[in-house]
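**Q** Quick one, fold the following:
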Amino acid sequence: LDERLHVRGVGDELDQLATKINTFLDVIALHLQKNRDFVANAAHELRSPLTAIQSLVEVTLDKHRTPEDYEELLFQINDECRHLAQVVNQLLQLTQSEANAADTRQERIRMDELVTRALEMFDPVAEERHVSLSSSLSELYVTGNPREMRQLLTNLIDNAIKFTPSGGHILVKARRLGGEVEVVVSDTGPGLAPDEAAHVFEELYQAAKVVDEGRKGLGLGLYICKQLVTRHGGRI
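**A** Modelled structure (predicted):
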């Protein structure tokens, strides 16, 4: 894929055809490279917790331990399994999102009810992390795909909980702005630098602060949100 047709520079039909074919090859090469990068990143994310689990078990089995040591091991393994489940779920979400891209079925949806149900679903998780959830809603209707709208809200609220410290607060607001509906998910987390915010919806992107702090993720949640919103003709 590093081969290209020679363009003579005379501007005739053969040059135009060669340029067009070279453009197609550039697109294909970029797509395949993105696929390779994605598989490599996904494999790394899956390998890290598996390696951690194996190391924990090997060290623990190296000699006889107390019941407390075995209990601690189980807690650590459970934490790594949660990360594995999160990565797998995001990969499945991405696959499902791409597979359903041609599904244009839409209906009238009560957006405020979707938000309320999404918040109720995350109540136990937020309580465990000592994060409070609230909303500011009015009766709002939108036209869209209900499944995709639920997935959008789930990803946004999950992301907010993940990066909001203990004692923090998350607020979801929905209101009508002219002919559009605006949904805002705000939290009391650390936020992002402007240069990072510009890339946060890109595939596999993770902010430097997140990586430095060892926060676990694959960088797909907000990328999927961008896809879903764009398919509905909206902005995020």
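**Q** Now the element after the helix or strand of the chain with the lowest mean pLDDT, going C-ward?
**A** Among the helical and strand segments of the chain, the one scoring lowest on mean pLDDT, DSSP states H and E is helix 208-212, with a mean of 54. Remark: after helix 208-212, the chain's next helix or strand is helix 221-231, criterion DSSP states H and E.
**Q** Report the residue spans of the chain with pLDDT below the cut-off.
**A** Low-confidence segments of the chain (pLDDT under 70): 97-104, 208-218.
**Q** can we see that at 50?
**A** Along the chain, segments meeting pLDDT under 50 span 211-212, 214.
**Q** Tell me where the longest helix sits in it.
**A** Across the chain, the helix with the greatest residue count (assigned by DSSP state H) is helix 13-61.
**Q** chain center to that one: distance?
**A** Its chain's C-alpha centre and that of helix 13-61 lie 17 Å apart, by Cα atoms, centre = their mean, to the nearest Å.
**Q** Remind me what it packs against, helices and strands.
**A** helix 67-99 (3 or more Cβ pairs under 8 Å, 6 or more residues apart in numbering; DSSP states H and E). The way it works is simple: take the backbone N, C-alpha and C, and place the C-beta from them, glycine included.
**Q** buried sites along the helix it packs on?
**A** 73, 77, 80, 83-84, 86-87, 90-91, 93-94, 97 (16 or more other Cβ atoms under 10 Å).
**Q** Redo those residues as a markdown table? Include distance to Ile21.
**A** Formatted as a markdown table, these follow (distance: Cβ to Cβ, whole Å):
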| residue | distance to Ile21 |
| --- | --- |
| Leu73 | 58 |
| Ile77 | 53 |
| Glu80 | 48 |
| His83 | 44 |
| Leu84 | 43 |
| Gln86 | 42 |
| Val87 | 38 |
| Gln90 | 36 |
| Leu91 | 34 |
| Gln93 | 36 |
| Leu94 | 31 |
| Ser97 | 31 |
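**Q** Which residues does stretch 47-67 contact?
**A** Outside stretch 47-67, the residues that touch it by Cβ atoms under 8 Å, 6 or more residues apart in numbering are 69-70, 73, 76-77, 80-81, 83-84, 87.
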